[in-house]
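# Quick one, structure for this:
(chains A and B)
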There are 2 protein chains.
Amino acid sequence: MLNPGQRLRLIKFVAYGWSLERTLPAMRDQVAAALAAAHQAGWEGLLAEQRRYLDDFWARADVEIEGDSAVQQAVRYALFQVLSAGARAEGRAIPAKGLTGNGYNGHSFWDTEVYVVPVLTYTAPSAAADALRWRHSVLDAATQRARDLGLSGAAFPWRTIHGEECSGYWPASTAAFHINADIADAVVRYVTTTGDDRFERDIGIDILVQTARLWRSLGHYDLWGHFRIDGVTGPDEYSAIADNNVYTNLMAQRNLGTAASACERHSDKARELGVTPDEMAGWRAAADRILIPYDGRLGVHPQAERFTDHEVWDFAATRPDQYPLLLHFPYFDIYRKQVVKQPDLVLAMLMCSHAFTPEQKLRNFDYYERITVRDSSLSACTQAVLAAEVGHLRLAFDYAAEAALMDLQDIEHNVRDGLHIASLAGTWIAFVGGFGGMRDHGDVLTFAPRLPENLARLSFLITRRGQCLRVSLTARAATYALADRSGTLRIAHYGEPLTLTGAEPIERAVPPPPSREPPTQPPGREPRRRSPG
Amino acid sequence: MLNPGQRLRLIKFVAYGWSLERTLPAMRDQVAAALAAAHQAGWEGLLAEQRRYLDDFWARADVEIEGDSAVQQAVRYALFQVLSAGARAEGRAIPAKGLTGNGYNGHSFWDTEVYVVPVLTYTAPSAAADALRWRHSVLDAATQRARDLGLSGAAFPWRTIHGEECSGYWPASTAAFHINADIADAVVRYVTTTGDDRFERDIGIDILVQTARLWRSLGHYDLWGHFRIDGVTGPDEYSAIADNNVYTNLMAQRNLGTAASACERHSDKARELGVTPDEMAGWRAAADRILIPYDGRLGVHPQAERFTDHEVWDFAATRPDQYPLLLHFPYFDIYRKQVVKQPDLVLAMLMCSHAFTPEQKLRNFDYYERITVRDSSLSACTQAVLAAEVGHLRLAFDYAAEAALMDLQDIEHNVRDGLHIASLAGTWIAFVGGFGGMRDHGDVLTFAPRLPENLARLSFLITRRGQCLRVSLTARAATYALADRSGTLRIAHYGEPLTLTGAEPIERAVPPPPSREPPTQPPGREPRRRSPG
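Okay, here's the model as predicted:
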């Protein structure tokens, strides 16, 4: 009995258990045990445990931004959501919406490996490993799928929960084979970032070998000795079933090469998988001879062969209420014209940076900027990175801010369906890859940082081979520091190789940004202006 | 009461009435009237009426073949079935199966205009006119469909009963825009064959103008001034959504040109349709600049741009029980490889004969023969015509016989679903276009006849501008005769212009056929050998 003015504090512990494999009594036991442990730890004890976990994460992963407090908050919100989606996946796929909503019915797609897993790799590597272990757990379904399609190796599903292909519209799913190279790339990135040799040997090599086999059987040599991959769909969902998609071919090239290298490192395991020296030579030859189309007349890379010959979408005749286009125009119309939903060639320039000269990047970015409508949340973050790289810093910040605020400001009007986990991960990529200019070349991380005018400072942390690298940037200077005084790490700053030691930070000047005329976007599809000036 | 051995003859008249528009009582009246008329005419009277109708048809349409009596019978069977399908369409579409079965659920397709209507045009022109009037009757639905697709003019449905698009798989239906040029071609063929000016003015010009408008809006000029038609599907159903399909572009070219010519002939009607001189100039310019891809490296026309760069289907690894391929392999796999279900480029060489040199025809035919699996009944007849033209006469006869016997011998094992009306019409085309070598150039019919060794004689009849032309062929000579003594007709025999009069037949020598190595087909996909020797 409480008297008026008295207060009663109730603490209620709720435990949740879930399993596909265990029995109901076993799950009840699990939940009961969790409750017992909670009782023992108490509310404050649980809180402290959670705080320790997150403090540890932020100490390895925080991104600090000076100059836009709303964006600062959004970037941290993004990181927290990416961690939540990844750290509690519990051996299951990381779905497009994480555990935050019903959008996409809980399915997982390629963007997990292209956006989410890399961010986890640099900030919470054990969560990245878990996500890749899940892919490995559905490898049997993927090899069966490849067989069903008349192909070798493994064909991972476009959308899935359990490993089976759950999309019924094959031009935008089965044909989007790049997901296999995306997964292979995430494996290699995890292994090179962590140095987790055992993971490569136990998990990674299976995926690398089976995806390399897929590419070798999917492509063929034409009469001129080019290795072609015809009739596939790239990342841009406003095109489908095209020949020699640049993103796909570059990623397949890397997949073929890294599989061969992994087999050399683990020759006994490779033998177990039936990989012969001839097969490895076949992968390397295909990688060497892969066709990367280039339109010399326009001086740009076509997204796929012939893309730049197609009619340009009539943006002037498209009303604002007709976006997203896929809800208002037939795929027939969209597929045959130059209009881009989300970066495809521009994503290739991010993921396979080495394959393009700076001049090509500038021309390509400007070309695709004019035809990209950003009807996907996977656009802004990638556009931010390349805008920064080619020198459009204000535009880059507008895109980075859009990615950061996607869900907090409900920019796509569908946050009720759940968060855009990949776009949230892309926020980190926009700041680290864009303004930090970080590129991962496997053997070395390189940086070419460049801040937009409205940011006074940007700093971020990268976990690499167990070491924590802090990069601190101002408009004029970049400082690289290792947390561990006994560590060493090779990096490069604007092409200058640096060997960092824990003894002292290295500071280098940041060259002034180029002055460039910014490119235009389709009318009405510009990002919201966030950068002042 | 009949005693044993006595005979009773019962004659029962059955009438059938059908209408979408009239009321049930009106249809009952119609049926009652038909029964009353039958009673009055009596069984013998009805029989005589039917006999007169068919005697008249055979007097204008018979094809006589000496040397293979089963094929002779089959060719007449084919003509009878084509007439039955066309003459009793009663203002409705001619379905793929005519009225003979449930296959394709009563739907009508492009092959009506490409195979059935031309044969009716030369043998029973009023039935051809009826079929085209039906197309005209669904023009409103087609203009609405074009609007829905963001296009001008009219987009006729791929499969339909009432004029709406009834196919749910757009890569093999909506994208197969060539149906519009096929319909326009059938209109022009009917008008030039009959001289039916009033039909052109009242019916034909509407179709020509709206289809020309469709092509003008579907194509676009590239930076080099070529008029391209991207992202469409040609006649071959083992490819889809390709750029600059040769058949489509050549037929569109003709469509654009003939629409402009019809507008010049009927300038008042053209004005009513809102056609301006600028619009006509636009059609002509697009026709002039249309892109026809050619693979100079292989010396053949690719079916569509890049087709000849694709991987060739692995025929050696395909088991006999895996045909038809579409039931055993995913479209993803089929579409991206060089494998042809039914002639596409080869059909272009029949329909647009003028666009290819004899050397190109020979090389193209041989190339496509090696990759055509004939999984469609629309194959053999077209292959027969081109095989004959390039000089593979035994092969041509084997194909012609296959087309002729398609249903009588149930070659495709599905005659229970109904007859292949277009293939039956194709039988006529195989003999008249193949061994008769007839090509219709609008202003003049040309002949380049050539008999296979096993035929001693071939004769056929063509109705043109109300006159009946009889062509009689032996291995050595061709005789051209008009039935009407007061008639005149311009034709050509192997390039020699001839003016036929009813006064006397003209006989010309037939040059000996070339001696050619026959091409090969995919293993197991050769036509049954029918020609002896």
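
# So chain A: which segments form each domain?
Domains of chain A are assigned by automatic domain parsing as A:66-124+A:374-533, A:138-373.

# which one of the ones you listed lies closest to residue B:27?
domain A:138-373 (39.7 Å; CB to CB). (Each C-beta comes from the backbone N, C-alpha and C, glycine too.)

# quick one on the thing from earlier: can the domains of chain A go into CSV with extra columns for mean pLDDT and distance to residue B:335?
As requested, the domains of chain A are arranged in CSV below (pLDDT from 0 to 100; distance: least, CB to CB, whole Å):
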stretch, mean pLDDT, distance to residue B:335
domain A:66-124+A:374-533, 95, 22
domain A:138-373, 97, 6
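
# need these in CSV with mean neighbour count and distance to residue B:66, can you?
Output for the domains of chain A, formatted as CSV (neighbours: other CB atoms under 10 Å in any protein chain shown; distance: least, CB to CB, whole Å):
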stretch, mean neighbour count, distance to residue B:66
domain A:66-124+A:374-533, 20, 66
domain A:138-373, 20, 47
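
# Now distance to residue B:289 too, for these, in CSV please.
CSV is the format used below for the domains of chain A (distance: least, CB to CB, whole Å):
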stretch, distance to residue B:289
domain A:66-124+A:374-533, 27
domain A:138-373, 14
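
# In CSV: these, plus distance to chain B.
CSV is the format used below for the domains of chain A (distance: least, CB to the nearest CB, whole Å):
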stretch, distance to chain B
domain A:66-124+A:374-533, 16
domain A:138-373, 3
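
# Quick check: which of the ones you listed is nearest to residue B:145?
In terms of CB to CB, the element of the domains of chain A nearest to residue B:145 is domain A:138-373, at 10.7 Å.

# Next, the distance between the ends of stretch A:411-430.
Chord length of stretch A:411-430, first to last residue, is 17 Å (CA to CA, to the nearest Å).

# Tell me the gap between it and the middle of its chain.
Distance of stretch A:411-430 from its chain centroid, counting by CA atoms, centre = their mean, to the nearest Å, is 12 Å.

# Over to stretch A:213-222?
Here the centre of stretch A:213-222 is set off from its chain's centre by 25 Å, with CA atoms, centre = their mean.

# how far does that stretch stretch from start to finish?
Criterion CA to CA; first-to-last residue distance in stretch A:213-222 is 19 Å.

# Contacts for it next, please.
With contact meaning CB atoms under 8 Å, 6 or more residues apart in numbering or on different chains, stretch A:213-222 is reached by A:146, A:151-155, A:177, A:180-181, A:227-230, A:232, A:252, A:255-256, A:279, A:282-283, A:286, A:289-291, B:309, B:311.

# let's see it at 7 Å
The contact list for stretch A:213-222 (CB atoms under 7 Å, 6 or more residues apart in numbering or on different chains) reads A:146, A:151-155, A:177, A:180, A:227-229, A:252, A:255-256, A:282-283, A:286, A:289, B:309, B:311.

# Would you check that residue A:194 makes contact with residue A:127?
No. Judged on CB atoms under 7 Å, residue A:194 makes no contact with residue A:127 at a distance of 11.7 Å.

# coming back round to it: ok, which of the domains of chain A comes nearest residue B:36?
Closest among the domains of chain A, using CB to CB: domain A:138-373, at 52.9 Å.

# Off-centre distance for that closest one?
Mean-position distance between domain A:138-373 and its chain equals 14 Å (CA atoms, centre = their mean).

# Could you point out the longest helix of chain A?
In chain A, with assignment by DSSP state H, the single longest helix is helix A:24-61.

# Next secondary structure element downstream of it?
strand A:63-66 (DSSP states H and E).

# In its sheet, which strands sit next to that next one, and in what direction?
If you go by DSSP bridges, strand A:63-66 pairs up with strand A:457-464 (antiparallel).

# now the helices for the stretch 1-150 of chain A?
Taking DSSP state H, counting those that start in this stretch, the helices of the stretch 1-150 of chain A run over residues A:24-61, A:69-87, A:111, A:117-123, A:125-137, A:139-148.

# export these to a markdown table and tack on distance to residue B:55?
Listed next are the helices of the stretch 1-150 of chain A as a markdown table, based on distance: least, CB to CB, whole Å:
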| stretch | distance to residue B:55 |
| --- | --- |
| helix A:24-61 | 84 |
| helix A:69-87 | 81 |
| helix A:111 | 72 |
| helix A:117-123 | 80 |
| helix A:125-137 | 75 |
| helix A:139-148 | 58 |
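
# Quick check: phi and psi at residue A:372.
Torsion angles at residue A:372 (phi, psi; degrees, to the nearest 10) stand at phi -100, psi 120.

# Please name the spatially closest residue to it (chain neighbours excluded).
For residue A:372, ignoring the flanking residues on the chain, the nearest one in space by CB to CB, 6 or more residues apart in numbering or on different chains is residue A:340 at 4.3 Å.

# What of residue A:183?
residue A:113 (4.9 Å).

# what's near enough to touch the one you found?
So residue A:113 contacts A:182, A:183, A:186 (CB under 7 Å, 6+ apart).
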